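Chemist: Below is the sequence, then the predicted model.
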Amino acid sequence: MDFLSMVRQSVPPAQAPQAVAPAPEPQKQETPKTPEPQPKLEPQQEKPAEDKQSQPQPPAQDPQPQEEPQSKQQSTGEPEPQPEPEPAKKAPKKAKKKKAKKAEAEPGPEPAPEPEPEPTAVPLSEDEIEETIYQGHSELVDVEALASLKVLMVGAGSIGSFAAVAMMKMGIQRCRIYDFDNIELHNQANQIYNWRQAGKPKLDALMEYLQPYTEEVWEAGWEFVSGHLKPDNIAALDEYAPDVIICAVDNMEARKLLFEYAEKAAGCKLFIDARIGQVLAECYAVQAFMPDEADLFKKSDLDSDEDLEPLKCTEKSIIFPVMFTSSWITSCLYHLVRGTISNMPINLDANFGTMKFFQTKRPS
């Protein structure tokens, strides 16, 4: 072995890495301090020996994030997040107290229904009720005379339904109404009924409407009869013996039948007829027992229904002629009990389209 080979063997090969190792070590310790050096850590995998020595440092950093919330609380001085669950626990206690108070309060108001008989201003006797209800017009018309009238009305449609309400409010206490029809949707526009009552008999709906006015006072005085009046059964009216007959029908045959009965009926003081069409109203107040007035009425348009010009369904009638006829009917009753029927015309025609009114004087 020569001298050079001996020298090479004596020189340790680790001296070269000692010169290389010290240079990268300080760089690896500085890189973790920066927030974004992660892509540069990839070459560290090439030297696992050195990485293992550098890895024990992060476990010392692990407890630091756990201590960070404490440092935040100390820096901000807000220990509020910790007591947040406490009010949630107290809330049910308050709720229980409220429930207990409610439970205690519930039995308290039970004696409240005792004061049900509250004092009212409505008198208790029938006489006092009548005097109080009609005191607004008691000096304009004899209320007792109105109450004693026996009224017969045929028809509970547009004219009859509003006339019934008007008579009830005026003070008529005895009235018999005949009708056979049911309510239809379009009746709401010009009758007392509403569309929710469609399919219901008009008499039933009218009776329910008027019941609060008559209940416990003179309820028996108002009668509602379902059916037709025909030549073979109209004589049954003799038993009722009406003082006034109101014709509120929509066909001429029934109108003729009623007037013929009024001419022969003993005790019939007045025959009232009302007709409507489009914006027109035609009204009559006839003392049928007087031949002159009966003749004038017979000369009116008492033609058959076939001779009359048919009206379109959308042009049959509107509400204001209907309301006009109900005023006409009640005004006839007003003059009848006052003995001033001669002041009324036997006929009054109203054209609300042109606002012209025509009347036929009663024969002297």
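Modeler: Arrived safely. Only a predicted model underlies this, so the values are computations on that prediction, with no experimental measurement involved. Numbers count the residues shown, from 1 in each chain.
Chemist: CA only for contacts and neighbour counts going forward, please
Modeler: Fine.
Chemist: Please save the CA atoms from stretch 270-290 in PDB.
Modeler: The C-alpha coordinates for stretch 270-290 follow below in PDB (Å, rounded to 0.1, in the frame of the first residue of the first chain):
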ATOM      1  CA  LEU A 270    -156.800  48.200  -0.600                       C
ATOM      2  CA  PHE A 271    -155.100  46.300  -3.500                       C
ATOM      3  CA  ILE A 272    -151.500  47.300  -4.100                       C
ATOM      4  CA  ASP A 273    -149.700  46.300  -7.200                       C
ATOM      5  CA  ALA A 274    -146.000  47.000  -8.100                       C
ATOM      6  CA  ARG A 275    -144.200  46.100 -11.300                       C
ATOM      7  CA  ILE A 276    -140.600  46.700 -12.400                       C
ATOM      8  CA  GLY A 277    -138.600  46.300 -15.600                       C
ATOM      9  CA  GLN A 278    -135.200  47.700 -16.600                       C
ATOM     10  CA  VAL A 279    -135.200  51.200 -15.000                       C
ATOM     11  CA  LEU A 280    -138.900  51.500 -14.800                       C
ATOM     12  CA  ALA A 281    -141.400  51.100 -11.900                       C
ATOM     13  CA  GLU A 282    -145.200  51.000 -12.300                       C
ATOM     14  CA  CYS A 283    -147.200  51.200  -9.100                       C
ATOM     15  CA  TYR A 284    -151.000  51.000  -8.300                       C
ATOM     16  CA  ALA A 285    -153.100  51.500  -5.200                       C
ATOM     17  CA  VAL A 286    -156.700  50.500  -6.000                       C
ATOM     18  CA  GLN A 287    -159.700  50.400  -3.800                       C
ATOM     19  CA  ALA A 288    -161.100  47.300  -5.600                       C
ATOM     20  CA  PHE A 289    -164.500  47.600  -4.000                       C
ATOM     21  CA  MET A 290    -165.000  50.900  -5.900                       C
END
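Chemist: So which residues make contact with it?
Modeler: For stretch 270-290, contacts defined as Cα atoms under 8 Å, 6 or more residues apart in numbering pick out 159, 243-250, 259, 262-264, 268-269, 293-294, 297, 315-318, 320-322, 324-325, 328-329, 332, 344-353.
Chemist: And stretch 316-331, by the same measure?
Modeler: Against stretch 316-331 from outside (Cα under 8 Å, 6+ apart): 158-160, 162-163, 166-167, 170, 189-191, 246, 272, 274-281, 283, 352.
Chemist: For that stretch, buried residues please.
Modeler: Residues of stretch 316-331 classed as buried: Ser317, Ile318, Ile319, Pro321, Val322, Met323, Phe324, Thr325, Ser326, Trp328, Ile329, Thr330 (neighbour count, 16 or more other Cα atoms under 10 Å).
Chemist: likewise stretch 139-159?
Modeler: Buried positions in stretch 139-159, judged by neighbour count with 16+ other Cα under 10 Å: 141, 143, 146-147, 149-159.
Chemist: Can you pick out the most distant pair from those residues?
Modeler: With Cα to Cα as the measure, no two of those lie farther apart than Val141 and Gly157, at 27.5 Å.
Chemist: hang on, Glu282 in a strand?
Modeler: Yes. Under DSSP: H, G, I helix; E, B strand; the rest coil, Glu282 falls within a strand.
Chemist: I'd like the next helix or strand past the helix or strand where Met168 lies.
Modeler: According to DSSP states H and E, Met168 maps onto helix 158-170. Downstream of helix 158-170, the next assigned helix or strand under DSSP H and E is strand 175-179.
Chemist: residues making contact with whichever helix or strand comes after that next one?
Modeler: Next helix or strand after strand 175-179 toward the C-terminus (DSSP H and E): helix 202-214. With contact meaning Cα under 8 Å, 6+ apart, helix 202-214 is reached by 156-157, 161, 165, 168, 178-183, 192-193, 197, 219, 224-226.
Chemist: Go through the buried residues of stretch 139-159 and flag which are in helices.
Modeler: Val143, Leu146, Ala147, Ser158, Ile159 (DSSP state H).
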